[in-house]
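J.: Structural data only, the sequence is not supplied:
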Ligand SMILES: Cc1ncc(COP(=O)(O)O)c(C=O)c1O
Ligand SMILES: N[C@@H](COC(=O)CCC(=O)O)C(=O)O
C-alpha cells in the first residue's frame, strides 16, 4: 500500500515541495516527445513560489536579519504568488506580513493575502528606477520597522538556491526513477529564481546533457537579451507573475548556461490554457500554459522520444474571473484565437 507520511514536525513548511511530475499525455503523443509538468500548484500556498518564500524567510532567520523570538515582519514587493507563499509561511511562524503589488494584478490575489492576515498595498505600475515602484516601496517600508526584513525576491540568491536545492533535484530524481533521461528543461521567469535554480542544478547533475531554455511572454526583455544581448521589448501579456524589464541578480546567475530562449505569444498561451483543461483535466494559470507551449517548442528541436520538463506554476483559480470571461478575452483580443471547439470553456460574460 502507498505510504502517506505525516508532515507535522515543522507544520506547514514541511508541506512545501515534493510535488508530482505529471506527464502531459495528449501533447506527448502528438509530438512523439514526452512533456512533463512539475505540479507546483500542490504547494500549500498554491504556487511554485512557496519554495522561494520558505528559503527567503529561513535565510533571514539564520543570518540574524530578523529575531524570531520577538514579533517580526516580512515585507516584499510581489506580483502576488511570492507574497501568498510568504504570507502562509509568515503566519505559520507567527510573523506579520506586508506586501506592495502592482495594481494590475487579479483582485483574488489581493483578497487571498487579506484573508491570510497580510497588509496589502496595490500601487500604480512604474519602472524600477522610480522610488514609487512596488519593490522600492517594500524596501523603504521595511527600513521604517523594527525587526523587519525586505526579502528582496528579485535579487536575493536565497530565491534561486531554493530551486537548486529542491525543484531541480526532484525533477531529475522523478525522471530517473522512471528510467528516463532529462533532455531539456524550460520555464518562464519573473524573478528568474525558478529557472536559474533548476537550470544550474540540471547543468551540473546531467553534465550539460539537459538543454536549458528560458521562455518569455510579450512585454519582457529576456528573450531579446538571450538572443541578441540587447534588452528590447514590445507589447504586454495577460500572464501574471512573469516578464521582466531587467536582468535580475537571480536570472544573471544562469545567463551563461542558458542554451536558448523561446518567445510565446499570448494567443498560443491562451489556447494552451484551454487545451490543458480539455485534454488533461488541468485547471491552470497563464504562466503554466505559456511554459507548456514553450516545452512543446523545445520538444520539436529534439529527437523523438526525448523528455522535456517544465513547471506547472499555479492553478487557474486566481485568474478565472478574467480568462473565462468572453468580455475580457475580447478586450485582450484573445477570443478569436481560441478554436471553436474550446470556446465553450469561456462561460462567463
Ligand atoms: C504564476 C507564476 N508563474 C511564474 C512565476 C515566476 O517565477 P520566478 O519568480 O521564480 O521566475 C511566478 C512568480 O511568482 C508566478 O507567480
Ligand atoms: N513572480 C514573482 C515576481 O513577479 C514578477 O517578476 C512579475 C513582473 C514584475 O511585476 O516585476 C511574484 O509573483 O512576486
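T.: Happy to help now that I have it. Being a predicted model, the structure only gives us computed values, none of them experimental. Residues are numbered from 1 along each chain as shown. Ligands and ions are numbered 1, 2, ... in the order given.

J.: Identify the residues contacting the residue in the chain that ligand 1 sits nearest to.
T.: Of all residues in the chain, residue 241 sits closest to ligand 1, with a separation of 2.6 Å (C-beta to the nearest ligand atom). Where you see a C-beta, it was placed from the backbone N, CA and C, and this is true even at glycine. If you count contacts by C-beta atoms under 8 Å, 6 or more residues apart in numbering, residue 241 has them with 49, 79, 80, 81, 190, 287, 313, 314.

J.: Swap in 7 Å and give it another go.
T.: Residues in contact with residue 241, defined by C-beta atoms under 7 Å, 6 or more residues apart in numbering, are 79, 80, 81, 190, 287.

J.: Quick check: nearest residue in space to it, chain neighbours excluded?
T.: In space, not counting the residues next to it along the chain, residue 241 is nearest to residue 79; the distance is 4.4 Å by C-beta to C-beta, 6 or more residues apart in numbering.

J.: and what of residue 203?
T.: For residue 203, the closest residue by C-beta to C-beta, 6+ apart turns out to be residue 257, at 4.8 Å.

J.: What count of nearby residues applies to the residue nearest to residue 241?
T.: Around residue 79 there are 22 other residues, counting by other C-beta atoms under 10 Å.

J.: thinking again about what came up before, secondary structure class of the residue of the chain closest to ligand 1, three-state.
T.: Secondary structure state of residue 241, per DSSP: H, G, I helix; E, B strand; the rest coil, is coil.

J.: cool, and residue 26?
T.: Classification of residue 26 into helix, strand or coil gives helix, according to three-state DSSP.

J.: Now do the contacts for it.
T.: 279, 280.

J.: Check the gap between it and residue 335 for me.
T.: Separation of residue 26 from residue 335 (C-beta to C-beta, to the nearest Å): 23 Å.

J.: Secondary structure of residue 346: a strand, I assume?
T.: No: counting by three-state DSSP, residue 346 falls outside a strand, being coil.

J.: follow-up on the earlier one: name the member of the contacts of residue 241 with the most neighbours.
T.: For the contacts of residue 241, counting by other C-beta under 10 Å, the largest number of neighbours falls to residue 287: 31 neighbours.

J.: Make sure that residue is actually in contact with residue 238.
T.: No: here residue 287 lies out of contact with residue 238, judged by C-beta atoms under 7 Å, at a distance of 10.2 Å.

J.: Now do the phi/psi pair for residue 157.
T.: Backbone torsions for residue 157, taken as degrees, to the nearest 10, come to phi -60, psi -10.

J.: Over to residue 38?
T.: When quoted as degrees, to the nearest 10, the phi and psi of residue 38 stand at phi -80, psi 120.
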